[in-house]
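Engineer: Provide a 3D model corresponding to the input given below.
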Amino acid sequence: MKWNSFEKKKDFVVCVDSDGCAMDTMNIKHIRCFGPCMIKEWHLEKWQDAILESWNKVNLYSVTRGINRFKGLAIALKEVNEKYTHIEGIKEFSDWAEKADELSNNSIEKKITENEIFAKALSWSIVVNKEIEALPEDDIKPFEGVKEALLEIHKHCDVVVVSSANPEAVKAEWKRFGLLDSVDLLCTQDMGSKAYCIGRVADKGYDKKKIIMCGDAVGDLDAANSNGVLFYPICVNHEEESWESLLKDALPKFLDGQYSGDYQEKMLKVFMDNLR
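Structural biologist: Numbering: from 1, shown residues only. Below you'll find the model as predicted:
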């Protein structure tokens, strides 16, 4: 489903991130796919232990958790350029990753004739997608409580997935576990940034006090704040408890108009403290 076929059905809408929020996929994808594929593409095996440690810290265990893959790649390659070996085109790539309206395979493909680094970044991203697709299905699953929570949420709210992951992977993962039955729209990497997607959802006629973004990363919070909507955190290493609290505590407050203010501030403090 795309924008022109998505319509507001209920007064409330819950936006949900996928990787690391609903799906227990962040660690396996970064540790097995993103980082190692970068090492191979740029032939960085000589320094791989340190580089991979840094990659995981940036993408999994700090306030930059959940950053777009190309932004994460730009950070990693800039560090490689400064500490280990020259990366041709790093300034051009970093500038693009910082300023581009869309960060996806489709958008970077238009840049490949400008500098070799864009072709290499596209190659890396394509290989990453293939490696992710090849991961054992048993290793890719939703966090405990997600399906039950989404079923209950969907009784009262429209549900929109807002993810920076590639569309094929998100659709396949959510379909495999029957989660798409509780989803009205899938917004993925090809449809724009998370902030843009939340804005387009808001344009469908929802009161912004009746829109909440559920995410596990500061980027999800920023996307919510940029649109003036609410935010509920799924805390890394405490995902099951976060989903349980969403269903039992946060959702009733959201539906009763009591979520903003002190309650959201308390949740934000727990969220930020967990990422430090």
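Engineer: list the contacts for Leu185?
Structural biologist: By Cβ atoms under 8 Å, 6 or more residues apart in numbering, the contact list for Leu185 reads 1, 6, 158, 160-161, 201. To be clear about C-beta, it is placed using only N, CA and C from the backbone, and glycine gets the same treatment.
Engineer: and it, bridged to which residues?
Structural biologist: Partner residues in beta bridges with Leu185: Val160, with DSSP bridges as the criterion.
Engineer: quick revisit: and the contacts of Leu185, which are buried?
Structural biologist: Of the members of those, the ones counted as buried by neighbours, 16 or more other Cβ atoms under 10 Å, are 6, 158, 160-161, 201.
Engineer: and which of the residues you listed is nearest Leu251?
Structural biologist: Nearest to Leu251 among those, counting by Cβ to Cβ, is Asp158 at 13.7 Å.
Engineer: sorry, back to before: now the contacts of Leu185 as JSON lines including distance to Gly219?
Structural biologist: Formatted as JSON lines, the contacts of Leu185 follow (distance: Cβ to Cβ, whole Å):
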{"residue": "Met1", "distance to Gly219": "24"}
{"residue": "Phe6", "distance to Gly219": "23"}
{"residue": "Asp158", "distance to Gly219": "22"}
{"residue": "Val160", "distance to Gly219": "16"}
{"residue": "Val161", "distance to Gly219": "15"}
{"residue": "Val201", "distance to Gly219": "17"}
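Engineer: Go through the residues you listed and say which is closest to Ser107.
Structural biologist: The nearest member of the contacts of Leu185 to Ser107, counting by Cβ to Cβ, is Val161 at 20.3 Å.
Engineer: Check the gap between the closest one and Lys266 for me.
Structural biologist: Applying Cβ to Cβ, to the nearest Å, one obtains 26 Å for the distance of Val161 from Lys266.
Engineer: Same check on Lys147?
Structural biologist: For Lys147, the distance to Lys266 - Cβ to Cβ - is 27 Å.
Engineer: if you count what's nearby, which of the two comes out ahead?
Structural biologist: Lys147 (17 against 10; other Cβ atoms under 10 Å).
Engineer: unless I'm mixing things up, Glu244 is touching Glu148, no?
Structural biologist: No - counting by Cβ atoms under 8 Å, Glu148 is not a contact partner of Glu244; they are 9.4 Å apart.
Engineer: Out of the buried ones among the contacts of Leu185, which one has the weakest pLDDT?
Structural biologist: pLDDT across these is lowest for Phe6, at 92.
Engineer: who's in contact with it?
Structural biologist: The neighbourhood of Phe6, defined by Cβ under 8 Å, 6+ apart, consists of 160, 184-185, 201, 204.
Engineer: Columns distance to Pro136 on top of these, output as JSON lines?
Structural biologist: Conversion of the contacts of Phe6 to JSON lines gives the following (distance: Cβ to Cβ, whole Å):
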{"residue": "Val160", "distance to Pro136": "29"}
{"residue": "Asp184", "distance to Pro136": "30"}
{"residue": "Leu185", "distance to Pro136": "29"}
{"residue": "Val201", "distance to Pro136": "33"}
{"residue": "Lys204", "distance to Pro136": "38"}
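Engineer: ok, of the residues you listed, which one's closest to Ala195?
Structural biologist: Nearest member of those to Ala195, counting by Cβ to Cβ, is Val201, at 10.9 Å.
Engineer: Give me the distance between the closest residue in space to the closest one that isn't next to it in sequence and Ser260.
Structural biologist: Taking Cβ to Cβ, 6 or more residues apart in numbering as the measure, Val201 lies nearest to Val160, with 5.5 Å between them; neighbours along the chain are not counted. Val160 sits 20 Å away from Ser260, taking Cβ to Cβ as the criterion.
Engineer: ditto for Asp49
Structural biologist: Taking Cβ to Cβ, one finds Asp49 at 45 Å from Ser260.
Engineer: the more surrounded of the two?
Structural biologist: Using other Cβ under 10 Å, the more surrounded residue of Asp49 and Ser260 is Ser260, with 15 against 10.
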